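Asks: Sequence and predicted structure below; questions after.
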Amino acid sequence: MAGGNAIRGTRVGAGPMGEAERGEAAPRRRVAFWCAQAHETRVSFASEADVPELWDCPRCGLPAGQDQAAPPPAPRTEPYKTHLAYVRERRTDADGDALLEEALAKLRARRGA
Ligand SMILES: [Zn+2]
């Protein structure tokens, strides 16, 4: 059975007082954000509002961006990082090697004593 059964679109603003459908008064747009763990978050913004570049993922707290293919990197707070890794991160590799060398030298000296 076809015909006469078509879904009719709601005519917004066609009411007797010209009011829009409930919830449609302010035009909104939905923006999707993805975090580094691939959680998708959809946030609805008023169309005239500024959409932030980053959004905190409500599931894991990581920053989420609008590019699914390239989510913002997770902040470096990995709990199991060795002290040396931290040292290497804060200093140049050369500095890290020098520190390591120094530590080894002390170790050797102690062993030799
Ligand atoms: Zn997340």
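Replies: The structure has been received and is ready for your questions. Numbering: from 1, shown residues only.
Asks: got a pLDDT number for residue 110?
Replies: Residue 110 is assigned a predicted lDDT (pLDDT) of 88.
Asks: Based on its surroundings, how many neighbours for it?
Replies: As a burial measure, residue 110 scores 8 neighbours (other CB atoms under 10 Å). For every residue, glycine as well, the C-beta is placed using N, CA and C.
Asks: which element is it on?
Replies: Secondary structure assignment for residue 110, by DSSP states H and E: helix 93-112.
Asks: And that helix, what's buried?
Replies: Going by neighbour count (16 or more other CB atoms under 10 Å), the buried part of helix 93-112 is residue 96.
Asks: Mind pulling up the pLDDT for the spatially closest residue to residue 26 that is not a sequence neighbour?
Replies: Using CB to CB, 6 or more residues apart in numbering and skipping residues adjacent in sequence, the residue nearest residue 26 is residue 46, 5.5 Å away. With respect to pLDDT, residue 46 has a value of 92.
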